[in-house]
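*Asks:* next one to model:
(one chain, ligands or ions: 2)
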Amino acid sequence: MAIKIAITYEKGGVGKTTTAVNLSAILAEKGYKVLLADLDLQSYATSYFDMYDDKLPCIYEVMCEDNPVTAEDAVRPTGIERLDLLPSNYRFRKMETVLMMKTKRQEYTLKKCLSEIEKNYDFIIFDSPPNGERIKENALA
Ligand SMILES: Nc1ncnc2c1ncn2[C@@H]1O[C@H](COP(=O)(O)OP(=O)(O)OP(=O)(O)O)[C@@H](O)[C@H]1O
Ligand SMILES: [Mg+2]
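*Replies:* Numbering: from 1, shown residues only. Ligands and ions are numbered 1, 2, ... in the order given. Below is the predicted model:
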């Protein structure tokens, strides 16, 4: 069972992404297997690793349940040993609405999507967006 850490705050521009990216890299350097999940449509955590690519599946497709894309399909290695990324891109802007339409247990959507791959990691770090209450709830859940 991976240890999960959500980096979240009510305000924008306070260092959430910087913390998430560096914490992930430091844990990987210390020998832990780490997954960094980018939960922000701004995709800055993804861009930190120069991995922004909207032709590839991202966390949006993984979290949309009518989609056959699994977390394993979307996760990519970062180039830093032991550190993988679940990337985001502009399509994630629709996520808050998709979650809003769910009638029950919307906050467990992400948890469910990661259940298959969490055994592969010691830590899962979530970078949260500055707004989007339901996405933050998913990170915390
Ligand atoms: N410890 C720090 N010292 C100085 N500057 C920092 C530090 N941490 C982050 N910054 C800078 O502050 C700015 C905002 O950081 P960051 O993008 O990590 O914030 P954020 O909380 O993720 O923002 P957002 O809410 O938009 O996602 C960036 O330019 C970053 O380089
Ligand atoms: Mg950020």
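*Asks:* now for the longest helix that the chain contains, which elements pack on it?
*Replies:* The longest helix of the chain (DSSP state H) is helix 16-29. If you count contacts as 3 or more C-beta pairs under 8 Å, 6 or more residues apart in numbering; DSSP states H and E, helix 16-29 packs onto strand 3-7, strand 34-38, helix 44-48, strand 83-86, strand 123-127. C-beta: built from backbone N, CA, C; applies to glycine.
*Asks:* next, the most far-flung residue of the chain relative to its centre: secondary structure please.
*Replies:* Distance from the C-alpha centroid of the chain, by C-alpha atoms, centre = their mean, peaks at residue 103 (22.6 Å). For residue 103, the assignment made with DSSP: H, G, I helix; E, B strand; the rest coil gives coil.
*Asks:* likewise for the one 10 residues further on?
*Replies:* Using three-state DSSP, the three-state assignment for residue 113 comes out as helix.
*Asks:* tell me how many other residues crowd it.
*Replies:* 21 (other C-beta atoms under 10 Å).
*Asks:* that one: what's it in contact with?
*Replies:* 62, 63, 70, 71 (C-beta atoms under 8 Å, 6 or more residues apart in numbering).
*Asks:* and it, how close does it get to ligand 1?
*Replies:* 21 Å (C-beta to the nearest ligand atom, to the nearest Å).
*Asks:* could you measure from that residue over to residue 57?
*Replies:* Between residue 113 and residue 57 the computed distance is 12 Å (C-beta to C-beta, to the nearest Å).
*Asks:* residue 84 reaches residue 77, doesn't it?
*Replies:* Yes - counting by C-beta atoms under 8 Å, residue 84 does reach residue 77; the two are 5.6 Å apart.
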